[in-house]
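Visitor: my questions concern the predicted model and sequence given below.
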Amino acid sequence: MELVNIFVKSIFVDNMIFAYFLGMCSYLAVSKKVNTAVGLGLAVVFVLGITVPINYLLENYLLKPGALSWMGAEMAGIDLSFLSFIMFIAVIAATVQIVEMAVEKFSPSLYSALGIFLPLIAVNCSILGGALFMQERDYANIAQATVFGLGSGVGWFIAIVAIAAIREKIRYSNIPGPVRGLGMAFIITGLMGIAFLSFSGIKL
């Protein structure tokens, strides 16, 4: 039940886009078409689902104070937490590189459509945010960290696919000139953020 709670909360209540506005650059730039939004969204789900549990293991068995106690009592006093940012980013960059090579190999059209935004997942603040939130919330085990990572990815996926569908739908609508394009995207994002805010009233 706790895993379900973490999963649902990370999708709807603590949505990376609508609760924390993380990953907005890719969210706004790649949400013009549903097919590219789906591709990038799935890549983010995969990267978050892989990197958060890996970074959890690094945090708990290597980096935080006392994490090296498994190597012996003399190592228990070592604190490598100052390396957290570097290690988290290294794991994220390596995973994104694997994703980029896989997409280029198996879906060249999607690779071309995503362009520069696929390698930029490595510096997507929602990906690093997932690792830092995992660190801050101090999950009890790797299962909870993995579920949180997957839920955060699914929440980001839902957000980008939803706005892409809306932007495709209103592309030929009679929208006033000053708010066409990016302006309307910001307005829609704000309204969707308010809608997702209603989930915070759910008792989980």
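Guide: Yes, it's here.
Visitor: correct me, but Ala19 touches Phe12?
Guide: No - counting by Cβ atoms under 8 Å, Ala19 stays clear of Phe12, with 9.0 Å between them. C-beta: built from backbone N, CA, C; applies to glycine.
Visitor: higher neighbour count, the two?
Guide: The neighbour comparison of Ala19 against Phe12 (other Cβ atoms under 10 Å) goes to Phe12, with 21 against 17.
Visitor: surely that one is in contact with Ala159?
Guide: No - using Cβ under 8 Å, Phe12 is not in contact with Ala159; the gap is 10.5 Å.
Visitor: check which helix or strand covers Ala90.
Guide: Ala90 is part of helix 84-106 when elements are defined by DSSP states H and E.
Visitor: quick check: buried residues in the next helix-or-strand element following that helix?
Guide: For helix 84-106, the following helix or strand on the C-terminal side (DSSP H and E) is helix 108-114. For helix 108-114, a neighbour-count test (16 or more other Cβ atoms under 10 Å) marks 110-111, 113-114 as buried.
Visitor: how far does stretch 127-144 sit from its chain's centre?
Guide: Relative to the centre of its chain, stretch 127-144 is centred 12 Å away, using Cα atoms, centre = their mean, to the nearest Å.
Visitor: ok, now stretch 52-69?
Guide: 21 Å.
Visitor: circling back to that earlier point, contacts for the helix holding Ala90?
Guide: The contact list for helix 84-106 (Cβ atoms under 8 Å, 6 or more residues apart in numbering) reads 39, 43, 46-47, 50-51, 54-55, 58-59, 62-63, 110-111, 114, 118-119, 121-122, 127-128, 131-132, 135.
Visitor: what's the answer for stretch 38-53, then?
Guide: 23, 26, 30, 88, 91-92, 95-96, 99, 103, 107, 110, 113-114, 117-118, 121, 124, 126-127, 130-131, 134, 142, 145-146, 148-150, 152-154, 156-158, 160-161, 164.
Visitor: quick one: which of those residues sit in helices?
Guide: In this view, the contacts of stretch 38-53 that belong to helices under DSSP state H are 26, 88, 91-92, 95-96, 99, 103, 110, 113-114, 126-127, 130-131, 134, 142, 145-146, 148-150, 152-154, 156-158, 160-161, 164.
Visitor: buried among these? Make that a ChimeraX selection.
Guide: Of those, the buried ones go into a single ChimeraX selection, burial set by 16+ other Cβ under 10 Å:
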select :26,88,91,92,95,96,99,103,110,113,114,126,127,130,131,134,145,146,148,149,150,152,153,154,156,157,158,160,161,164
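Visitor: done for today, thanks.
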